[in-house]
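Enquirer: test case, fold it:
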Amino acid sequence: MVLKERSVQKLTLSCCLGAYIAFCPFLGLHTILIFFLSRKFSLNTAATFSFSYLLNNPWTMVPVYAAGYFFGEWVLGLLGVNPLALNPFWMGSINRLLLYYTGLTGISFWSFMIGGNLLGLLFSVILYPVLKLFFTKIVLIKRKAGIS
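Expert: Here you go, the predicted model:
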C-alpha cells in the first residue's frame, strides 16, 4: 500500500483520517465514514481503512473507547462540567441496563462523544509529523532501490 501511493502527503492524511475514525465514537458507522470521508477529501481509501482498523478492531475496541471516555471525563472535569447532568433522558435506561448487567454506574453520553472526538483529533494531529517523516523515508528508500 505504501509503495503504491505516489503522494506522501496524501498517504499521511489518509492514515491520520483513519486514526481519527478509529477513535470516533460513532459506533457502527466507521466503515461508512471511511468510504465517505476518504472519497470526499480524495484520499487513499485503502490506507484510511487499513489504519483505522489497525487501531480499532475487536481486540482493541474496549481500550480505545475507554480511553476516549476517560479523556472526555477529564476534559469536562477541567471545564467544571458535570457530565451526568447533561445526559439525554434515554441514558437513564441505558445506565440501568449497564448497572444490572455489568455493575457500571454513571456512564455519561457526552464524556463518550466529546472524549472520543477530541482524542481522535489530538491523536491524528500528533501522528501527522511522525507518519510524514516515516513515509518520506520509505519513499526515499524506494527510490534508491529503484522500485516504482
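Enquirer: can you pull out the strands in this structure?
Expert: Counting by DSSP state E, the chain has no strands at all.
Enquirer: in it, which spans are helices?
Expert: Ranges of helices in the chain, per DSSP state H, are 8-23, 30-40, 45-55, 61-78, 91-102, 109-145.
Enquirer: just those helices: most buried one?
Expert: Ranked by mean neighbour count, the helices of the chain are led by helix 8-23 with a mean of 24 (mean count of other C-beta atoms under 10 Å). (C-beta placed from N, C-alpha, C; glycine too.)
Enquirer: can you pull the pLDDT of the residue lying closest to Val125 once chain neighbours are set aside?
Expert: Closest residue in space to Val125, ignoring its immediate chain neighbours: Cys16 at 7.8 Å, by C-beta to C-beta, 6 or more residues apart in numbering. Reported pLDDT at Cys16 in the predicted model: 97.
Enquirer: got it, and Trp74?
Expert: 96.
Enquirer: what of Val8?
Expert: 90.
Enquirer: list the residues that contact the most centrally placed residue in the chain.
Expert: What sits nearest the mean C-alpha location of the chain, by C-alpha atoms, centre = their mean, is Phe23, with 2.5 Å. Taking C-beta atoms under 8 Å, 6 or more residues apart in numbering as the criterion, Phe23 is in contact with Leu55, Asn56, Val64, Ala67, Gly68, Gly116, Asn117, Leu119, Gly120, Phe123.
Enquirer: tell me what angle the least confident helix or strand in the chain by mean pLDDT forms with helix 109-145.
Expert: Every helix and strand of the chain was ranked by mean pLDDT, DSSP states H and E. The lowest is helix 91-102, at a mean of 90. Helix 91-102 runs at 70 degrees relative to helix 109-145, counting by axes from the mean of the first three to the mean of the last three C-alpha atoms, to 10 degrees.
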